[in-house]
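> Provided below are the primary sequence and the corresponding predicted coordinates.
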Amino acid sequence: MRSISKMWVCARLSAGALLKDCRGIAATEFAVIVPIMLVMLFGTVEFSSGVAVDRKVTLVARTLSDLTSQGMTATDCTLSNSFAAATSILYPYPATPSASTITELLIDPTTLQAKVQWSRSATINAVGTVVLGTGHTQNTVITTIPAALAVGGTYLIWSEVSYLYKPTVGYVMANTGITLSDVAYTRPRQSNSVPYTVACS
């Protein structure tokens, strides 16, 4: 009986001593807080990079539209150069995976609908070369044009850019990436329109 009572007293004393012992609190707090702080740190870095890339996508769209609107004509050569120059804005971020489209629109004088006159798209391949493709189909009506730009009988140069931003630490944001996109509109500068010809001049 004495041994059991002694064991009970020892157990109570040990429990009291354990409650008063604070030696492991710092290590426990560290183990709980560090993962949260690391996620916050990497999340802030990735979010900041995403904002920077989104700003560059906007600049690419504006540059594409601006460069094309300054020409008298548009050819595959000039468009390839414009696409290459615009995508260099993305540096130091990779130019791929991105896709761009440049389109000339005519605002119909009677209906004020924006109709595609010509359109070319471009992607960047694995070695960094611009690959041209077909864009929107001719005479397709585009309904996303702002009403303020729908002036009958005028032309618009419309650029579209999309970019798949893949964060370095995928589990903080999205593993598959986030698609960033923007558009820009400009009026032709040198003439009423910028006609497209396939042949390089």
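Arrived safely, thanks for sending.
> so Phe30 sits in a helix?
Yes. Applying DSSP: H, G, I helix; E, B strand; the rest coil, one finds Phe30 inside a helix.
> low-confidence ranges, this structure, go.
Regions of the chain meeting the criterion pLDDT under 70 cover residues 1-24, 97, 126-127, 170-175, 199-201.
> any idea what the residue nearest the centre of it is bridged to?
Among the residues of the chain, the one closest to the centroid is Leu180, at 2.6 Å (C-alpha atoms, centre = their mean). Leu180 has the following beta-bridge partners by DSSP bridges: Tyr163.
> for Ala99, see how far away it is.
11 Å (C-beta to C-beta, to the nearest Å). C-betas here are computed from N, CA, C, even on glycine.
> need the overlap of contacts for those two.
By C-beta atoms under 8 Å, 6 or more residues apart in numbering, Leu180 and Ala99 have these common neighbours: Ser162.
> can you give me the strands in this protein?
Applying DSSP state E to the chain gives strands spanning 74-75, 98-107, 114-124, 130-134, 141-142, 155-165, 178-186, 196-197.
> quick one: closest of these to Gly50.
With C-beta to C-beta, the closest approach to Gly50 among the strands of the chain belongs to strand 155-165: 5.6 Å.
> for that closest one, packing partners?
helix 25-69, strand 98-107, strand 178-186 (3 or more C-beta pairs under 8 Å, 6 or more residues apart in numbering; DSSP states H and E).
> distance between that strand and the chain's centre?
Distance of strand 155-165 from the chain centroid (C-alpha atoms, centre = their mean, to the nearest Å) equals 12 Å.
> relative orientation of that strand and strand 114-124 in degrees?
Taking axes from the mean of the first three to the mean of the last three C-alpha atoms, to 10 degrees, one finds strand 155-165 and strand 114-124 inclined to each other by 40 degrees.
> in strand 155-165, which residues are buried?
155-165 (16 or more other C-beta atoms under 10 Å).
> then stretch 96-111?
By 16+ other C-beta under 10 Å, the buried positions in stretch 96-111 come out as 96, 98-107.
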